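K.L.:
Coordinates only, no sequence provided:
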């Protein structure tokens, strides 16, 4: 059963991609993509982060990983996209991984 069947949930039943977050792991340091200052000045980086937020496909995550490897000179980069999650039974707020890529 999907959220849209049986009239149960309505149009705000899933989280919007604007609430998704992209996380980058470089040299075992894990940061949210928008917090990496030396990459934020790169326009291509910001565009790819936005693309990965809305379309977190393997291809887009791989492109972001390759850009980071080239700009930061790192050989191993992991990219993850997370979305918020609220469990209405336990009333707990958390996050669920949408997709990840590691090179």
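P.N.:
Arrived safely, thanks for sending. These numbers come from a predicted model, not from an experiment.

K.L.:
The residue nearest the centre of the chain pairs with what?
P.N.:
Nearest residue to the geometric centre of the chain (Cα atoms, centre = their mean): residue 81, 2.2 Å. Beta-bridge partners recorded for residue 81 (DSSP bridges): residue 22, residue 99.

K.L.:
One more: the one 4 residues further on?
P.N.:
Taking DSSP bridges, one obtains residue 94 as the residues bridged to residue 85.

K.L.:
any low-confidence regions in the chain?
P.N.:
1-15 (pLDDT under 70).

K.L.:
and residue 24, what helix or strand is that in?
P.N.:
Residue 24 belongs to strand 21-26 when assigned by DSSP states H and E.

K.L.:
May I see the buried residues of that strand?
P.N.:
By neighbour count on 16 or more other Cβ atoms under 10 Å, the buried set for strand 21-26 is 21-24, 26. For glycine as for every other residue, the C-beta is placed from the backbone atoms N, C-alpha and C.

K.L.:
Isn't the residue nearest to the centre of the chain up against residue 98?
P.N.:
Yes: Residue 81 is within contact range of residue 98, at 4.4 Å (criterion: Cβ atoms under 8 Å).

K.L.:
sorry, back to before: what packs against the strand holding residue 24?
P.N.:
On a contact count with 3 or more Cβ pairs under 8 Å, 6 or more residues apart in numbering; DSSP states H and E, strand 21-26 meets strand 29-32, helix 43-54, helix 58-72, strand 77-87.

K.L.:
anything in contact with each of residue 81 and residue 98?
P.N.:
Listed as contacting both residue 81 and residue 98 by Cβ atoms under 8 Å, 6 or more residues apart in numbering are 20, 56.

K.L.:
sorry, back to before: how about the residue nearest to the centre of the chain, what does it touch?
P.N.:
Going by Cβ under 8 Å, 6+ apart, residue 81 touches 20-23, 52-53, 56, 61, 97-100.
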